[in-house]
Structure formats: C-alpha cells, structure tokens
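Undergrad: Okay, structure incoming, though there's no sequence with it:
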C-alpha cells in the first residue's frame with residue numbers, strides 16, 4: 001500500500017507559478033506510475049498529468065500542455081507538478097495518485113488528500 005501527502009498549494013495571481021509535491025510512503029513507490037488530477041467546485045475530477053514508474057514517459061491533458069510539467073524523484077519518493085502561467089480556470093483541489101497505465105490511460109489506485117490551488121484574476 002502507498003500513502004500519499006500533497007503539499008505546495010496556495011493562492012496566487014494569474015500568470016504566477018506553483019510547484020506541487022506529493023510525498024509517498026512505502027518502498028514500492030518506484031514501481032508505480034504517478035499522476036495528478038484536479039477537481040474544481042461543482043465539477044468532476046479530471047486528469048492533469050501522469051508519469052511512468054521510471055520517469056521516462058509523461059502525459060498531459062491538453063489544457064495544461066506547455067504550462068505544467070510532471071516529474072519524479074524515486075530516491076525521495078516524491079512526484080512533482082510544476083505549474084507555470086497559471087490561469088483562474090486552474091483553480092481546483094489537486095490530487096496525487098499512484099497507479100497504473102491501461103493503454104494510454106492512467107488510473108489511480110491510491111490517492112492523497114488533495115491540496116487547494118486558487119488562482120485569482
């Protein structure tokens with residue numbers, strides 16, 4: 001089992017940057033692909049980005065491509081989401097997940113509690 005704790009959220013202005021971190025417990029972290037999802041008020045949770053267990057492959061939803069970067073440090077059991085050029089529509093609770101790829105789709109098996117990101121215009 002993997003336990004995940006997100007951090008790094010906050011209140012920023014449009015155009016600013018934030019880096020989210022997700023610290024994982026357990027010695028099996030490096031065997032999982034990792035992903036970030038988000039959920040805005042009144043909306044369903046949506047996929048943001050994912051990274052393979054080795055870090056050699058990354059995938060992004062279209063609305064964050066070119067602005068967000070996912071990375072991982074298996075030595076630190078941590079996955080990151082660097083968010084640049086933030087927009088008000090990026091406002092959401094961001095969740096980290098450990099899981100697997102099914103074809104090109106990432107599905108989370110374990111989830112963190114989420115961290116709030118608020119972008120003001």
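TA: Looks like it came in fine. Bear in mind that the values here come from a model prediction, so they are computed numbers and not experimental data.

Undergrad: hey, let's count contacts and neighbours off CA atoms from now on
TA: OK.

Undergrad: residues in contact with the residue sitting nearest the centre point of the chain?
TA: Centroid-nearest residue in the chain: residue 36, 2.5 Å away (criterion: CA atoms, centre = their mean). Taking CA atoms under 8 Å, 6 or more residues apart in numbering as the criterion, residue 36 is in contact with 47-50, 81, 94-97.

Undergrad: mind redoing it with 6 Å?
TA: 48-49, 95-96 (CA atoms under 6 Å, 6 or more residues apart in numbering).

Undergrad: residue ranges of the strands in this structure, please?
TA: Ranges of strands in the chain, per DSSP state E, are 4-7, 10-13, 18-24, 33-39, 46-51, 58-60, 68-73, 78-83, 92-102, 105-111, 115-120.

Undergrad: Go through the second one and flag the buried ones.
TA: Within strand 10-13, the residues that qualify as buried are residue 12, counting by 16 or more other CA atoms under 10 Å.

Undergrad: Please enumerate residues in contact with it?
TA: For strand 10-13, contacts defined as CA under 6 Å, 6+ apart pick out 117-120.

Undergrad: switch to 10 Å and redo it
TA: 18-20, 85-88, 91, 115-121 (CA atoms under 10 Å, 6 or more residues apart in numbering).

Undergrad: Centre of the chain to it, how far?
TA: 17 Å (CA atoms, centre = their mean, to the nearest Å).

Undergrad: Pairing partners for that strand, with directions?
TA: Strand 10-13 pairs in its sheet with strand 115-120 (parallel), by DSSP bridges.

Undergrad: avg pLDDT for the strand it pairs with?
TA: Averaging pLDDT along strand 115-120 gives 98.

Undergrad: by how many degrees do that strand and strand 33-39 diverge?
TA: Strand 115-120 runs at 50 degrees relative to strand 33-39, counting by axes from the mean of the first three to the mean of the last three CA atoms, to 10 degrees.

Undergrad: From the chain's centroid, how far away is strand 115-120?
TA: On the basis of CA atoms, centre = their mean, strand 115-120 sits 13 Å off its chain's mean C-alpha point.

Undergrad: that older thread, distance of the residue nearest to the centre of the chain relative to residue 66?
TA: Using CA to CA, to the nearest Å, residue 36 is found at 16 Å from residue 66.
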